[in-house]
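# the sequence and its predicted three-dimensional model are supplied below.
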Amino acid sequence: MTDPMAKKIIVVGSTNMDMVVKTNHIPVPGETVLAGSFFMNPGGKGANQAVAVARLGGDAVFISKMGNDIFGKQSAQLLNDEGINTFYILSDNDLPSGVALITVDQTGENSIVVASGANANLHPADLENALEEIGRANIILMQLEIPMDTVLFVARYAAGNGVRVILNPAPARELSPELLSHIDIITPNKTEAEMLSGIKVTNIETAKKAAKAIHEKGVKDVVVTMGPLGAVIYQQDKIQVVPAQKMEAIDSTAAGDVFNGALAVALSEGKLLIDAVKFACEAAAISVTRMGAQSSIPYRNELIAAKIK
């Protein structure tokens, strides 16, 4: 069983090197556009969420697999420098580290193509040494840039040990009833909510319907993130809406990851779900005002300072 005093948040997920191009608009098929700027930034949904947990005051442990290459070594060092427990990060001698090609337009919207590399080689057998740690965690946070059998394995084990499981179902994929039954909180965005519910999500009202439909598939609580529209919460047959803060968006690349990391931190501190979602929206709002993935993730004192202003 979970130690009631434990606040440890274990993030199981991907690590990528993001290669980011800033341009006026995202090209359509067959179109070539000239970009304004290019830079590389450590990323991957799992790594981004682990960094968000650490910067926002959480006790973060990260489980991932990277290539035995310069990108993997650099990412592992940067994560360690953030104060994240990297003991369970594995090195793959066969596959390279994951890479994400990201195009960001002038409104801050993005399109992303990911070459998974070593992320696709993180299998349940790799986690044997981490099971005791997983069983003693306060929260498990996962995404879908690693194999689905690994996600299910961790969710099943965590649920069996009374550990709260948050799943960020990104990238959008079909999820099995068994996996959904082990999830305490699922956090789809608009696109992912559509795939999981079968309901076209265009506004808050349709997001409410989608959240209810996802809950009826076996997930305890549902939080649909709607970008500038905020978030919709379905909990205990009750729907609540948390509005987003109005910000001048520059780059939304890691906003969802910041939201999920912040949500996990707030819940680990004993906050109610509605208050945790408010905290997560505040953190995500700051992140969209900055370029890059991990470079955009705010620190806890920045959220405090933003409230004082």
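Arrived safely, thanks for sending.
# where does the chain have low pLDDT?
1-6, 308-309 (pLDDT under 70).
# mind listing the helices for it?
For the chain, the helices defined by DSSP state H cover 45-55, 70-81, 131-135, 148-160, 177-181, 190-197, 204-215, 255-268, 273-287, 300-308.
# send me the third one as CSV with only the CA atoms.
This means helix 131-135. Output of helix 131-135 as CSV, limited to C-alpha atoms (Å, rounded to 0.1, in the frame of the first residue of the first chain):
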residue,chain,number,x,y,z
LEU,A,131,8.5,-1.9,-9.1
GLU,A,132,9.2,-1.3,-5.5
GLU,A,133,9.5,2.4,-6.1
ILE,A,134,6.3,2.4,-8.2
GLY,A,135,4.4,0.6,-5.5
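# how close does D69 sit to S97?
6 Å (CB to CB, to the nearest Å). C-beta here means a position set from N, CA and C on the backbone, and glycine is covered the same way.
# sorry, back to before: quick one: closest of the helices of the chain to L101.
Across those, the minimum distance to L101, taken as CB to CB, is reached by helix 70-81, at 13.5 Å.
# which residue is nearest the centroid of this structure?
For the chain, the residue sitting closest to the mean C-alpha position, by CA atoms, centre = their mean, is D257 at 3.5 Å.
# burial of the residue lying closest to it once chain neighbours are set aside, as a residue count?
Nearest non-adjacent residue to D257, counting by CB to CB, 6 or more residues apart in numbering: N48, 3.6 Å away. A count of nearby residues for N48, using other CB atoms under 10 Å, gives 32.
# relative to T206, how far out is N48?
Distance of N48 to T206, given as CB to CB: 28 Å.
# try L273
Look at L273 and T206: by CB to CB, they are 21 Å apart.
# and if you look at V12?
For V12, the distance to T206 - CB to CB - is 31 Å.
# quick one, which of these two is more surrounded?
Neighbours were counted for V12 and for T206 using other CB under 10 Å; V12 has more, 27 against 19.
# hmm, back to that, deepest-packed of the helices of the chain, please.
When you average the neighbours per residue for each of the helices of the chain (mean count of other CB atoms under 10 Å), helix 45-55 leads with a mean of 30.
# hmm, who's touching it?
Applying CB atoms under 8 Å, 6 or more residues apart in numbering, the contact partners of helix 45-55 are 9, 11-16, 59-60, 62, 64, 75, 79, 82-84, 141-143, 145-146, 168, 170, 254, 256-258, 260-262, 264-265, 283, 293-294, 297-300.
# tell me the angle it makes with helix 273-287.
Interaxial angle of helix 45-55 relative to helix 273-287 (axes from the mean of the first three to the mean of the last three CA atoms, to 10 degrees): 100 degrees.
# was I right to think V224 contacts A213?
No. Using CB atoms under 8 Å, V224 is not in contact with A213; the gap is 10.6 Å.
# is it true that T150 touches V12?
Yes. The criterion here is CB under 8 Å, and T150 meets it with V12 at 7.4 Å.
# list residues touching both of the two?
Between them, T150 and V12 share the contacting residues L127, judged by CB under 8 Å, 6+ apart.
# number of nearby residues for V224?
For V224, the count of nearby residues is 29 (other CB under 10 Å).
# distance of it relative to L127?
With CB to CB as the criterion, V224 and L127 are 29 Å apart.
# contacting residues for the residue nearest to the centre of the chain?
45, 48-49, 52, 168, 293, 297.
# for I239, same thing?
Contacts of I239 by CB under 8 Å, 6+ apart are 208, 211-212, 232-233.
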